[in-house]
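Visitor: with the sequence up front, the predicted model follows.
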Amino acid sequence: DAIEQLASVIQDELNVKTITTVDNLDGIVQYAYKPNLKTLGPKYGKLLGMLRKDLPNLAPEILAPLRSGSNVSIEMGGETIELEPDDVLVSTEQSSEWGTADDSGVQVAISTKLSPELIEEGMARDFVRHVQQLRKDADLEIENRIRIQYRSDASEIKQMLNIWSEYISAETLADSIESRQEIADGKSVSVGEFATVLSICLAN
């Protein structure tokens, strides 16, 4: 409930587009289960060899409750074995397109795949950040409007500005964003992966 209520705050703080609640991350994360010999040895010493061999091969859904702190009963060697969470060591193998974390029964996965649209948005945010720093370095007042000049050989920068110019102008109080072949006293920055020279001046 807390995550849903504060989703917009989380999105702003972590710079993520969406937050979705799911029942589990089984489609993203694969789990491997191994017996903890230190705890199982004293309880099931004579079955330890069988546990070491067979427990990792059990269906993951059988052992899944252990991850949320619940006990699991299994049949092995003609005996019922009561497994507690500390009795099984759980490791994860995550998809290459996701980063995951698991703590106190809460699992989170973040997609690490960047679409062209997300890359462009990231470049726009970079552009804004650099312009805001130039405003700060120039000791401009918050209400001062500016003109932005830039130089970049990357077509990706021009494409991004075609889409995001209104956002950049609104965020930086810019009346114009102009491409220049030569910029005197410009600042060299990286916008995404692309070298760019930026300069600002007060709007007339």
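Guide: That came in fine, so what should we check first?
Visitor: low-confidence ranges in this structure?
Guide: Along the chain, no part satisfies pLDDT under 70.
Visitor: helices or strands next to the longest strand along the chain in the packing?
Guide: Ranked by residue count under DSSP state E, the longest strand found in the chain is strand 194-202. With contacts taken as 3 or more C-beta pairs under 8 Å, 6 or more residues apart in numbering; DSSP states H and E, strand 194-202 sits against helix 116-137, strand 146-151, helix 155-172, strand 187-191. Glycine gets a C-beta too; all of them are placed from N, C-alpha and C.
Visitor: mind listing what that strand pairs with, with the direction of each?
Guide: Strand 194-202 sits in its sheet next to strand 146-151 (antiparallel), strand 187-191 (antiparallel), going by DSSP bridges.
Visitor: for the closest residue to residue 32 other than its chain neighbours, what are its contacts?
Guide: The shortest distance from residue 32 to any non-neighbouring residue, by C-beta to C-beta, 6 or more residues apart in numbering, is to residue 91 (4.8 Å). Each residue near residue 91 by C-beta atoms under 8 Å, 6 or more residues apart in numbering is listed here: 31-32, 34.
Visitor: how about the residue in this protein that sits furthest from its center?
Guide: residue 78 (46.1 Å; C-alpha atoms, centre = their mean).
Visitor: quick check: the gap between that one and residue 41.
Guide: Residue 78 sits 19 Å away from residue 41, going by C-beta to C-beta, to the nearest Å.
Visitor: check the secondary structure at the most centrally placed residue in the chain for me.
Guide: Centrality entry for the chain: nearest residue to the mean C-alpha point is residue 110, 4.2 Å, by C-alpha atoms, centre = their mean. Following DSSP: H, G, I helix; E, B strand; the rest coil, the label given to residue 110 is strand.
Visitor: from residue 70, how far off is it?
Guide: 26 Å.
Visitor: what do you get for residue 48?
Guide: Counting by C-beta to C-beta, the gap from residue 48 to residue 70 is 23 Å.
Visitor: burial of residue 201, as a residue count?
Guide: 11 (other C-beta atoms under 10 Å).
Visitor: can you spell out the domain ranges of this protein, please?
Guide: 2-111, 116-202 (automatic domain parsing).
Visitor: kindly check the end-to-end length of the shortest one for me.
Guide: Distances were taken as C-alpha to C-alpha, to the nearest Å; on that basis the terminal residues of domain 116-202 are 33 Å apart.
Visitor: can I get the CA coordinates of stretch 170-183 in PDB?
Guide: Extracted in PDB, the C-alpha atoms of stretch 170-183 (Å, rounded to 0.1, in the frame of the first residue of the first chain):
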ATOM      1  CA  ALA A 170      10.500  25.200 -20.000                       C
ATOM      2  CA  GLU A 171      13.000  23.800 -17.500                       C
ATOM      3  CA  THR A 172      15.800  26.300 -18.200                       C
ATOM      4  CA  LEU A 173      13.700  29.400 -19.000                       C
ATOM      5  CA  ALA A 174      15.200  29.500 -22.500                       C
ATOM      6  CA  ASP A 175      13.700  31.700 -25.200                       C
ATOM      7  CA  SER A 176      15.700  29.900 -27.900                       C
ATOM      8  CA  ILE A 177      18.100  27.000 -28.500                       C
ATOM      9  CA  GLU A 178      20.400  27.600 -31.400                       C
ATOM     10  CA  SER A 179      23.000  25.500 -33.200                       C
ATOM     11  CA  ARG A 180      26.300  27.300 -33.900                       C
ATOM     12  CA  GLN A 181      29.500  26.200 -35.700                       C
ATOM     13  CA  GLU A 182      31.600  28.300 -33.400                       C
ATOM     14  CA  ILE A 183      31.000  29.100 -29.800                       C
END
